[in-house]
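Enquirer: coordinates only, no sequence provided:
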């Protein structure tokens, strides 16, 4: 027996023994190599992200695994580990600053008093105290791909294939396809968020893009005109040394600027001047404000009901603060309530909206980890005392870090949030009390002034109930609202929003689908058949793009992709999300170093941490408590949801 065992030992390759000998040497070599590398590179700059060689090796391994076996098909613990590695790679290689391009002299913001140290400024200044203009309104969008790939195609190539043809042939809704894991509150919510995050402005019709209509197209304008985005006013007008840039008219920060306008004078106009509160009339937005909002393209009843809900939440926070701090001034109460309300919106988006729209088990854990750490909400009070490492602590309250570029939202971030198929064509409004039908309207009857009429004539409670029990559209080809392809703006101009979405991505130099994937370290796509498993879509894309896979627009590829289990949008779009969802928290000092009871007040932290979207709804519309009973996520379909 001993000889047999000895013989087996001799026959078996001593792999484990070799690994045990080699691994310490390998780790030591990596450690020494990393020290030498850092010594040669010198002290890191303020926007230098230098993972150790071992961490880089881990990230590269995760990308290699993901390209061969997509993360969402792996066991949950492995999927989480791969996503962490993907994020490391993206933080290192996919944050690119445009601030170094030639710039006209810009005035530096002037601090007034010391309020900027503790409160958010209307224009988004002084979030980073070392770079007070970082992320402020009217500063440039950054990039998530190397800037040498962001030159827009020259004319006429940029118009190929014709965006109007792309819209008609690949986007037009044949029949409504619902996203049955969500409700219409989820669709309204993302537009409510993007109104805070970014705006390129309304564009210049005098220098419009001109799209000739294809034969048989009955659009009432030939050529179709798409206003060209206003040129970056901070760039010398004749500068051609770098790809074009554009500025964000909103602040880049997650600061609820859709509720608290960026313009200080406009912000003052929505305040009562007493108790820190926002102006409401019978607990609704005042008619003059609604009239003004109704003139802004994209305004509809979904935005109105969420703006009303969180304006009321602001005032409720003011009441609570006034009870806790009776000597505070109107200004103190307003600024403190804004700070709390903005953080609450960010938390709801992170741990409620996101897990609803990407409901894979791994992403649910990942989003909870972003806010509360890997041990979750219950253990967060203990874990947060042990370390500031974000994976254990959660990002809020961990050290602020911009990683490899100054903070800015990016043109690629804007592109992946073009989610118009979520919008329905038809809406049934029902009474919350008994589900009785009030009326039915089409999309054009819930936009601009028509939407305002509905807001003023129908109890908000019933509108929220209706949105909670209606499915939005699925984000896929052939599910774009027809009304938006023939959309009359408040100023009377007619446009195809689908064609505009396509044109904007090209105009901003966002790489087309296959290149975009490669630059974000995804598995390369070599054929149309690899884009989608729908043979009809393959045939249609080949026809529209004349067999040129390299010309496939990003949005079309993302809408064609099969989605991971539980996902409302594509895995390609998710790459930007992996990077930017945590960056919007990690770069913002009010979610980082200053996410403390000293800044937010103990009551403020408690309000944020213990309030859900369902709590907000029930607080202001208690008549909905029975409708939401049994629902654990306000953005999932409520009982009795319908297509």
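Expert: Everything's here; your move. This one's a predicted model, so the numbers in the text were calculated from it and none came from an experiment.
Enquirer: run a quick neighbour tally on residue 74.
Expert: Residue 74 has 17 neighbouring residues, counting by other Cβ atoms under 10 Å. The way it works is simple: take the backbone N, C-alpha and C, and place the C-beta from them, glycine included.
Enquirer: the nearest residue to it once chain neighbours are set aside is in what secondary structure piece?
Expert: Nearest non-adjacent residue to residue 74, counting by Cβ to Cβ, 6 or more residues apart in numbering: residue 82, 6.5 Å away. In the assignment (DSSP states H and E), residue 82 maps to helix 76-93.
Enquirer: who's in contact with whichever helix or strand comes after that helix?
Expert: Following helix 76-93 in sequence order, the next helix or strand is helix 115-118 (DSSP H and E). Here helix 115-118 makes contact (Cβ atoms under 8 Å, 6 or more residues apart in numbering) with 121, 125-126, 129, 132, 331, 335, 594, 599.
Enquirer: list only buried entries from these.
Expert: 121, 125-126, 132, 335, 594, 599 (16 or more other Cβ atoms under 10 Å).
Enquirer: dump those residues into JSON lines; add pLDDT, secondary structure and distance to residue 530 as well.
Expert: Compiled in JSON lines, these are given as follows (pLDDT from 0 to 100; DSSP: H, G, I helix; E, B strand; the rest coil; distance: Cβ to Cβ, whole Å):
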{"residue": "121", "pLDDT": "95", "secondary structure": "coil", "distance to residue 530": "48"}
{"residue": "125", "pLDDT": "97", "secondary structure": "coil", "distance to residue 530": "46"}
{"residue": "126", "pLDDT": "97", "secondary structure": "coil", "distance to residue 530": "48"}
{"residue": "132", "pLDDT": "96", "secondary structure": "coil", "distance to residue 530": "47"}
{"residue": "335", "pLDDT": "97", "secondary structure": "helix", "distance to residue 530": "52"}
{"residue": "594", "pLDDT": "97", "secondary structure": "coil", "distance to residue 530": "46"}
{"residue": "599", "pLDDT": "97", "secondary structure": "helix", "distance to residue 530": "49"}
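Enquirer: show me which of the residues you listed is closest to residue 467.
Expert: residue 335 (30.8 Å; Cβ to Cβ).
Enquirer: what's near enough to touch the closest residue in space to that closest one that isn't next to it in sequence?
Expert: Nearest residue to residue 335 in three dimensions, chain neighbours excluded: residue 119, at 3.9 Å (Cβ to Cβ, 6+ apart). Residues near residue 119 by Cβ under 8 Å, 6+ apart: 335-336, 338-339.
Enquirer: next one: residue 604
Expert: Going by Cβ under 8 Å, 6+ apart, the list of residues near residue 604 reads 317, 321, 336, 339-340, 343, 597.
Enquirer: what distance do you get for it to residue 338?
Expert: Counting by Cβ to Cβ, to the nearest Å, the separation of residue 604 from residue 338 is 11 Å.
Enquirer: identify the contacts common to these two.
Expert: In contact with both residue 604 and residue 338: no residue, using Cβ under 8 Å, 6+ apart.
Enquirer: a helix runs through residue 414, doesn't it?
Expert: Yes: counting by DSSP: H, G, I helix; E, B strand; the rest coil, residue 414 is located in a helix.
Enquirer: got the buried residues for stretch 256-263?
Expert: Buried residues in stretch 256-263 (16+ other Cβ under 10 Å): 256-260, 262.
Enquirer: got the end-to-end distance for that stretch?
Expert: Stretch 256-263 has its terminal residues 13 Å apart, counting by Cα to Cα, to the nearest Å.
Enquirer: stretch 595-603 now?
Expert: Using Cα to Cα, the two ends of stretch 595-603 sit 13 Å apart.
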